[in-house]
Every structure is written in C-alpha cells, then in structure tokens.
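*Asks:* Need a 3D model of the sequence below.
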Amino acid sequence: MISKDVQIAPLTTFHIGGPASFLKEVFTVKDIEDAIVCARENKLPLYTLGGGSNVLVPDAGVAGVVVRMLVGDITFENVGDDALLVAGAGAVWEDVVDRATTRGFFGIENLAGIPGTIGGASVQNIGAYGGEFKDVFAYADVIDTATGLPRRITSTEASFAYRTSFFKQHRGYIIIRVALRLTKRAVPNITYPDLLRVQATGAPLTTPKEIARTIRGIRALKFPQDVQEGSAGSFFKNPVISREHADELTRRFPIMPTFPQTDGSIKISLAWFLDHALLLKGFSIGRARLYERHPLVIVAQAGAHAIEVDALASEVEKRVHAATGITIEREVEMFGT
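*Replies:* This is a model prediction of the structure:
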C-alpha cells in the first residue's frame, strides 16, 4: 500500500519537517516498481529514505513519492578468514557492524556508532576514526528508476570520494542490496588520536569488537544522546584545501590540526576552528544550536523548525568564509529539494 500525506519527521533523526505527498515502505522489488508507477502517474519525483540520519525535511514537506527502504537481512558468503557480508539496503548500520565484529571480521569496526542504514552508508561514503566505507565496499545491486531494470554497481564504478559517491551523484538509482569485503587477517586500525589515547591507558584494542565498543564510547561523549532533541551527527564536512591555503591559516592559527591527503591537499578540522577560532560552541538561532560538546553537530530542540536549522547552518558558513575564505559544505541534505 502507498500512503498519502504522511508525516515523515518521525522517520528522521532531526524529528522535524512537513509531510510527504506519498510514502511507500519497501520490502521487495515489486514495492519499488509500485512506487515508480505512483511517481509517474502523479508526475512527482521519487526520493529514497533510509534511516533518515543525514537529511533535513523542509517545513513545507516533500512534494514527491518517498521510498522507505526496509529490506534489512544480513548474510555472510564464502566465510573463512575472508568473507562477503551482504545486506539489504535498509539494514541498520549498527546491526551490520555488530554482526561483523561479533564474528571477528575487521573492516568496519572504526565506523561503529554511526546512525543510518547500509544503503545510506553507500551513498554518503561514511567515514570516521581512520576508517572509510569505500575501503570495504564490493558492490551494490540497484534499480534504475528510469527503466525499472536492475544493475550491479562495482567498487570501480562507485566513484567514492570524501562523503560522496556515484549513488549521491546519480539519484535515479535505488540501492537494494550492498556487499562488503571483510577479513579476519587485518591489522587493527588504531592510528586515530582518540584511539591512541585510549590505548595508552592500557585498554585492549586488538579485536574488532573491542575497537567498535571503544569507538561507541568515544562517540557517546561527543554526540547528543538526548532523545528529546534531534540531530543528524556532523552537519558539515571538514574542508579540504590547498597546501598554500593551509600554510596561510597555520600562520594565523599555529595549533590548528591539519591532515595531509595523498593528493597533496590538506584537510583541516572544522570542529577545532568553530570552537577555538570562532568560539561558536553553543551558538544558536531560534531552537537550533551548535552542540556544546561537538560544534560540527547541529541540535534541534523540541519544537524547532527546519528553517531555523538552515538559518544556523547558513550563518556558520558565512562566518567561516569571512574568517578563512573557505566555503564549507554540508553533509546533511535538505530532503526532497
């Protein structure tokens, strides 16, 4: 069944925004076909919603057919020291991480604690604590909404880059299933400063399960845990700039953290800059504010509107540009626009 005029704010982690024209919950390929027909008959665009953790729904809602992916099975193929984890696009990412690490497989333990689904992880190319989704991605089975035909997108076709992918650039494909390459033979990736500090205390960080548990603990100290307030994790991307630009900023801010990239560019810590250079922790507009423990996070208080979140993000962008010349980008997208 396709529902009409459905409030989708409860299906997102921000918990704000207006209704969708139509909502179709997807468990089978036939459900997707029905959604495509609905969109064509009503001359409306089609939008895919996973865990709702990286989107902001406009106050006016979404004029379109929203497809909510609920195919969430998780299986393992060719199990040995190496394995292929295959999951429905609607599988909750934390469940995927837990299943993999419980079996002793390395590859996604550093991505523990990130909200959303495996389908959303593919679109966004999630990354954290020295790990990145692209490093384990094998393939995704998709439906081309223009033709209704299936297609398999391999790792070489996925065009992963910092917080983007083929799937983000080509919205006409709906991800059905995702496969990841995992192994028991990897060396633990604990080079990230937060993990090194934990290791220095003597805490065990040798198994995927231990690393995932530790990262969840670190994230709990940085990200909002209050279910009465909405957020979408990090709202902004860390800027990647030229070495010359980074050198100029380092002269002005000598202790600003920088992270050299393989192509010679430099990634800078936007959280550090918002906190220490612009003093914006806790800064608010209306009922939206930069989180006190992590200024990359925008928190929406009860009763907040999308327009307040957007206004706060725009003000942050303006201040960063005025101070550095950098045009920062958002990780969170305005859904349905």
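*Asks:* for the residue lying closest to residue 110 once chain neighbours are set aside, which residues make a bridge with it?
*Replies:* Take residue 110 and drop its neighbours on the chain: the residue closest to it by Cβ to Cβ, 6 or more residues apart in numbering is residue 131, 3.1 Å away. For the C-beta atoms, the positions are set from N, CA and C on the backbone; glycine is no exception. Residue 131 has these beta-bridge partners by DSSP bridges: residue 128.
*Asks:* can you map out the helices along the chain?
*Replies:* 29-41, 93-102, 118-124, 166-169, 193-200, 208-222, 243-252, 270-272, 306-324 (DSSP state H).
*Asks:* For residue 111, find the nearest of those.
*Replies:* helix 93-102 (6.5 Å; Cβ to Cβ).
*Asks:* what helices or strands is that closest one leaning on?
*Replies:* strand 74-77, strand 82-88, helix 118-124, strand 173-183, helix 208-222 (3 or more Cβ pairs under 8 Å, 6 or more residues apart in numbering; DSSP states H and E).
*Asks:* ranking these by burial, who's on top?
*Replies:* A comparison of the helices and strands packed on helix 93-102 by mean neighbour count, using mean count of other Cβ atoms under 10 Å, puts helix 118-124 on top with a mean of 27.
*Asks:* quick one: residue 314 from residue 236, how far?
*Replies:* Using Cβ to Cβ, to the nearest Å, one obtains 12 Å as the distance from residue 314 to residue 236.
*Asks:* What separation do you get for the closest residue to residue 35 other than its chain neighbours and residue 1?
*Replies:* Spatially, and ignoring its direct neighbours in sequence, residue 35 is nearest to residue 24 (4.1 Å; Cβ to Cβ, 6+ apart). If you measure residue 24 against residue 1 using Cβ to Cβ, the figure is 8 Å.
*Asks:* More neighbours: these two, which one.
*Replies:* Neighbour count, other Cβ atoms under 10 Å: between residue 24 and residue 1, residue 24 has more, with 21 against 7.
*Asks:* Return the set of residues that bridge with that one.
*Replies:* Under the criterion DSSP bridges, residue 24 forms beta bridges with residue 2, residue 67.
*Asks:* Might one say that it is in contact with residue 37?
*Replies:* No - using Cβ atoms under 8 Å, residue 24 is not in contact with residue 37, being 10.1 Å away.
*Asks:* just to revisit the earlier point, can you say which of the helices of the chain is packed in most?
*Replies:* It is helix 118-124: most buried of those by mean count of other Cβ under 10 Å, with a mean of 27.
*Asks:* How far off centre is that one?
*Replies:* Centroid separation for helix 118-124 versus its chain: 7 Å, with Cα atoms, centre = their mean, to the nearest Å.
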